[in-house]
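Undergrad: Need the 3D shape of this:
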Amino acid sequence: MVSSNPVHVRRCGLVSIVLSGGLAVSSVALAQPLEVRVTAVQAAERGPSDAELTRLRPRLRRLAGYRSFRVMHEETRRCPWRLPQAFDIPGGPLVRVVPKGIRDDLLVLQVTLREGTRTLVDTDLRLQNHGTMMFGVGRDASTADAALIILLRAETEEE
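TA: All right, here's what the predicted structure looks like:
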């Protein structure tokens, strides 16, 4: 769910928000690899927004405070349980995901975002099946009119 307090991306700052959706998974689902999608979205003060982001636009606006959202990169892959997977965002951070298991009907993931040698995020998170986590990554002064948002979506098939 989205918090009622909007959080705006600041330069060189980082915020995150969880969006839940779908059904909870059974423990039997561990036999199936987890499908993880990482999408890099550029948020800007003005300009067009991509049609595929229309459904998420109100949530993106609350997270980042910008009006324009464009998909810059997207990668989806089947991730075996307990094996690290690295998603390289061109011009952005490295997103490392380790699917750890299912606890209390939630997908448990270890997520690390690294920019060069600097770690921006290193955390375990729990998502509902088909849930999405948003990470807003601020930019430096030279690109203060834009920010990067990383969308991480995880899902597994139920049997």
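Undergrad: which sections of the protein are below the confidence cut-off?
TA: Residue ranges of the chain with pLDDT under 70: 1-31, 139-144, 158-159.
Undergrad: now the strands for it?
TA: 14-19, 34-44, 68-79, 85-88, 94-103, 106-115, 118-127, 131-137, 146-155 (DSSP state E).
Undergrad: chain center to the second one: distance?
TA: So that's strand 34-44. 6 Å (C-alpha atoms, centre = their mean, to the nearest Å).
Undergrad: Buried residues in it, which are they?
TA: 34, 35, 36, 38, 39, 40, 41, 42, 43, 44 (16 or more other C-beta atoms under 10 Å). The way it works is simple: take the backbone N, C-alpha and C, and place the C-beta from them, glycine included.
Undergrad: and the angle from that strand to strand 68-79?
TA: 160 degrees (axes from the mean of the first three to the mean of the last three C-alpha atoms, to 10 degrees).
Undergrad: What helices and strands are in contact with strand 34-44?
TA: helix 57-64, strand 68-79, strand 85-88, strand 94-103, strand 146-155 (3 or more C-beta pairs under 8 Å, 6 or more residues apart in numbering; DSSP states H and E).
Undergrad: Which one, of the ones you listed, ends up nearest to residue 50?
TA: strand 68-79 (5.1 Å; C-beta to C-beta).
Undergrad: one step back: got the buried residues of strand 34-44 as JSON lines, with distance to residue 81 columns?
TA: As requested, the buried residues of strand 34-44 are exported to JSON lines (distance: C-beta to C-beta, whole Å):
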{"residue": "34", "distance to residue 81": "7"}
{"residue": "35", "distance to residue 81": "12"}
{"residue": "36", "distance to residue 81": "11"}
{"residue": "38", "distance to residue 81": "18"}
{"residue": "39", "distance to residue 81": "22"}
{"residue": "40", "distance to residue 81": "25"}
{"residue": "41", "distance to residue 81": "27"}
{"residue": "42", "distance to residue 81": "32"}
{"residue": "43", "distance to residue 81": "32"}
{"residue": "44", "distance to residue 81": "37"}
